[in-house]
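**Student:** The following block contains a protein sequence and its predicted model.
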Amino acid sequence: MAIGKEILKMRHITKNFLGVRALNNVDFTLRAGEIHALMGENGAGKSTLIKVLTGAEEFESGEIWMDGIPHPIINRSPQEAQHNGISTVYQEINLCPNISVAENLFIGREPKKHGMIDWKTMNKKAKEALAVLDVDIDVTINLENYSVAIQQMVAIARAVDISSKVLILDEPTSSLNDFEVSKLFAVMRKLKERGLGIIFVTHFLEQVYEICDRITVLRNGELVGEYEVDKLPRVQLVARMMGKDFDDLAEIKREHKGSTGKEEVVVEAKGLGCSGKIKPFDITVNKGDVVGLSGLLGSGRSELARALYGADRPDKGVLKFKGKRFTSRAPIDSIRAGMGFLPENRKEEGIIADLSVRENIIIALQARQGMFKLLSRKEQEEFADRFIDLLKIKTADRETPVKQLSGGNQQKVILARWLLTNPDFLILDEPTRGIDVGTKTEIQRLVIKLAEEGKAIIFISSEIEEMLRTCNRMAILRDSSKVGELSGDEITQVNIMKAIAGGTTV
């Protein structure tokens, strides 16, 4: 289906939030039968624009028009937005894992018969709704029995079944592997053919150029522009997102050489393993090393990192830290020894949502010092202000609840937490996932700088290009095993892919 008429128009949208102008006179237009990328750095205003559209936030001025409604609309809740033809599938899937797929699809609108839920009809309709997306599963069993990818398809099926005009996909690919992404894109193309307008919020440039028709770029709460994908080169897209006239990522080259093998060994694992999680492995990390862990989702990257840190307690092998045998009975032991761990899931294992930016930054240092050596309020404020400035954390002030920050700025807060403890060994598990190009660049540069200062670093990323820019050695994982290691000029995309696929490392 060719791209059709305008089905959504947002005009002159302005929103102030905690003393910060989150949106300033922003326009956005969506047409029927198009996939439209909404892009910008963290803090650019993407999430706020979506929240204004879906009724999660109010706005001060501007208008929202929907096709078929003769007057501007104001969605005062997500339910009202759904009534007006707008549905959203969020990065963190907002469904109930402990009830059936069919119940999730029709929760709050179950078909009734004689005043009771008509299970037969509901299960039949659920099968039909999923069949539209080429998904064939047992809809009578609990959602928790299915993969994240299938749960996402259920969320999309529910959204499409409720709304036939606008579908918002907020970072839908961040937890999917390549095969699952290709299936999702096939579904998106199918929905596009049916005339649905899709707003695609993502940070993956490659995916934008593969699936999208147009791009709207926001920066600092303002509209930079609206572009057709095939008329906007990637370098220019990055430049518009960052407000610069060059591709900033190109400036990061793999100039960091790391250790020569003669430097001090910081971490040494021999036959270390956790039953059911990671098979026994050997790995060494020296001062100045950035050792990447590369492999497909589920290959054991995070499990290896957690075993080194003690988040999962190894039951095999030996771990030495700074030359001495080390056993961590709890993360506090690792913190006190001089380790830091930025986990993959920042919402569940990283930020403490209801605490302030200041409290989130100082909490690991306070834990290491113990409750009998409390940091003074003045020390806490000085530490927080120093890292807010150093990492360019966008926040109204140090006392802002961290849950009110954008994802990228939350990530910087967690990074600040560990930098404040001055660890000898730092594990960064997907430190740039779901954040903008500019913040990715800052974090990559910071990682290289920390290594040059003598830190030993484990770095995990699903983006091979990022690993190539940042790491001086690379451990390859497959099926919960470490299957190879690359260093120096051996670290190429071809060699990494060969090793992951089961070929030789070089």
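**Tutor:** Yep, it's here.

**Student:** For the rest of this, base every contact and every neighbour count on C-alpha atoms.
**Tutor:** Will do.

**Student:** now do the same end-to-end measure for stretch 388-400.
**Tutor:** One end of stretch 388-400 to the other measures 12 Å (C-alpha to C-alpha, to the nearest Å).

**Student:** buried stuff in that stretch?
**Tutor:** The neighbour-count check on stretch 388-400 (16 or more other C-alpha atoms under 10 Å) flags Ile388, Leu391, Ile393, Lys394, Thr395, Asp397, Arg398, Thr400 as buried.

**Student:** The stretch 201-350 of the chain: strands as residue ranges?
**Tutor:** Secondary structure of the stretch 201-350 of the chain (DSSP state E, counting those that start in this stretch): strands located at 214-219, 222-228, 265-274, 278-286, 290-294, 316-321, 324-325, 339-342.

**Student:** mind putting these in CSV, mean neighbour count included?
**Tutor:** Formatted as CSV, the strands of the stretch 201-350 of the chain follow (neighbours: other C-alpha atoms under 10 Å):
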stretch, mean neighbour count
strand 214-219, 23
strand 222-228, 17
strand 265-274, 20
strand 278-286, 20
strand 290-294, 28
strand 316-321, 18
strand 324-325, 12
strand 339-342, 24
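
**Student:** how about low-confidence regions in the stretch 151-300 of the chain?
**Tutor:** 163, 175, 244-262, 296-298 (pLDDT under 70).

**Student:** Run through the helices of it in chain order.
**Tutor:** 178-193, 205-211, 234-242 (DSSP state H, counting those that start in this stretch).

**Student:** what's the angle between the last one and strand 214-219?
**Tutor:** Calculated by axes from the mean of the first three to the mean of the last three C-alpha atoms, to 10 degrees, helix 234-242 forms an angle of 40 degrees with strand 214-219.

**Student:** any idea what Glu485 is structurally, helix, strand or coil?
**Tutor:** Per DSSP: H, G, I helix; E, B strand; the rest coil, the secondary structure class of Glu485 is strand.

**Student:** can you give me phi and psi for the closest residue to it other than its chain neighbours?
**Tutor:** Nearest non-adjacent residue to Glu485, counting by C-alpha to C-alpha, 6 or more residues apart in numbering: Ala475, 4.4 Å away. Ala475 adopts backbone torsions of phi -100, psi 130, taken as degrees, to the nearest 10.

**Student:** shouldn't Ala475 be in contact with Leu486?
**Tutor:** Yes - Ala475 lies in contact with Leu486 (C-alpha atoms under 8 Å); the separation is 6.5 Å.

**Student:** Got the domain ranges for this structure?
**Tutor:** As given by automatic domain parsing, the domain ranges for the chain are 6-251, 285-313+327-501.

**Student:** returning to what we had before: give me whichever of the helices of the stretch 151-300 of the chain is most buried.
**Tutor:** helix 234-242 (a mean of 19; mean count of other C-alpha atoms under 10 Å).

**Student:** helices or strands next to it in the packing?
**Tutor:** Judged by 3 or more C-alpha pairs under 8 Å, 6 or more residues apart in numbering; DSSP states H and E, helix 234-242 is in contact with strand 214-219, helix 437-452.

**Student:** Show me what the first one packs onto, helices and strands only.
**Tutor:** Using 3+ C-alpha pairs under 8 Å, 6+ apart as the contact criterion, the secondary-structure elements in contact with strand 214-219 are strand 35-39, strand 222-228, helix 234-242.

**Student:** Next, the contact list for Glu171, please.
**Tutor:** Each residue near Glu171 by C-alpha atoms under 8 Å, 6 or more residues apart in numbering is listed here: Tyr90, Gln91, Phe200, Val201, Thr202, His203, Gly434.

**Student:** Let's see the pLDDT reported for the second one.
**Tutor:** By that I understand Gln91. pLDDT, Gln91: 70.

**Student:** does it sit in a helix, a strand or a coil?
**Tutor:** From three-state DSSP, the assignment for Gln91 is coil.
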